[in-house]
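Novice: fold the following for me, if possible:
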Amino acid sequence: MNTSDNQSDETNGRSLLKQIIARKRRSVSDSNPVGKIIQSSIKPAYIPRYKGMQCRVCLVRENTQDDPIYIRSADSAYDLVKDELGSADREIFLSILLATNLQLIGVEPVATGGLDQCAISPANTFKSAILGNASSILVCHNHPSGSVAPSQSDLELTKTLTKCGALLGIHVTDHLIISADAYFSIKHNMRKEVNPKRKKTAA
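Specialist: Have a look, this model is predicted:
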């Protein structure tokens, strides 16, 4: 095969390629004229995947016929939870939800821990307060050892929750450490004997 034959084959190949390209362009132009908007009938893949998976949070107020309870002091908060926390053998952290007039909305268990610690997060603490439309909360927990002296982590947790509550518009009124016969108010730095044990008198 000589050089002229190679050039002829190359020319024929280019000509064939140009014809194929022109034919494709023509078919695209015919199916999509200029100025016409094509709406794809293919729906996004995420629509069927999420269909029927919507969830709603509904609040239901129960026991509306009961007499309202008001938590206006640390004493009333202690009376409310002492039976549950005073005799518990592990740390339990509770959030007492209050309305603007200090009426009790509910008591929410936030976390249950071990003998000497309980993992608390602001998210879990304020979740129920937000859902319950609480104006303020009073948090409390027990020390199974019987001591109501606050630890350093208790003090730091109180500061953290107070700051988070200020951002959310939910006031943290107090943080109580509770035992069977006393409580300690971290906000007021006060220890109070509630049911002091009577000493036996000598006969």
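Novice: correct me if wrong: N101 contacts R72.
Specialist: No - counting by CB atoms under 8 Å, N101 sits too far from R72 to count as a contact (9.6 Å). All C-beta spots, glycine's among them, are computed from the backbone N, C-alpha and C.
Novice: higher neighbour count, those two?
Specialist: Between N101 and R72, counted using other CB atoms under 10 Å, R72 has the larger neighbour count: 12 against 9.
Novice: any idea how far the residue nearest to that one when sequence neighbours are not counted lies from G114?
Specialist: Nearest non-adjacent residue to R72, counting by CB to CB, 6 or more residues apart in numbering: L102, 5.3 Å away. Distance, L102 to G114, by CB to CB, to the nearest Å: 33 Å.
Novice: looking at these two, which is more packed in?
Specialist: L102 (17 against 11).
Novice: now do the contacts for the more buried one.
Specialist: 70-72, 136 (CB atoms under 8 Å, 6 or more residues apart in numbering).
Novice: 6 Å instead?
Specialist: 70-72 (CB atoms under 6 Å, 6 or more residues apart in numbering).
Novice: mind checking how far it is from L157?
Specialist: Distance, L102 to L157, using CB to CB: 23 Å.
Novice: also D181?
Specialist: 24 Å.
Novice: which secondary element of this protein has the worst mean pLDDT?
Specialist: When each helix and strand of the chain is scored by mean pLDDT, DSSP states H and E, helix 46-50 comes last, with a mean of 52.
Novice: which strands and helices sit next to the helix or strand L94 falls within?
Specialist: Here L94 sits within strand 92-98, counting by DSSP states H and E. If you count contacts as 3 or more CB pairs under 6 Å, 6 or more residues apart in numbering; DSSP states H and E, strand 92-98 packs onto helix 74-85, strand 104-112, strand 136-142.
Novice: reformat the contacts of L102 into CSV and put secondary structure next to each item.
Specialist: As requested, the contacts of L102 are arranged in CSV below (DSSP: H, G, I helix; E, B strand; the rest coil):
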residue, secondary structure
Y70, strand
I71, coil
R72, coil
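Novice: which of the residues you listed lies closest to A119?
Specialist: I71 (25.6 Å; CB to CB).
Novice: let me see the contact set for the closest one.
Specialist: 77, 98, 102, 104.
Novice: how about G132?
Specialist: By CB under 6 Å, 6+ apart, G132 lies in contact with 97, 105.
Novice: hmm, back to that, and which of the contacts of I71 is nearest H175?
Specialist: A77 (10.4 Å).
Novice: mean confidence for stretch 184-197?
Specialist: For stretch 184-197, mean pLDDT rounds to 84.
Novice: helices of this structure, residue ranges please.
Specialist: For the chain, applying DSSP state H gives helices covering 3-31, 46-50, 74-85, 122-131, 152-168.
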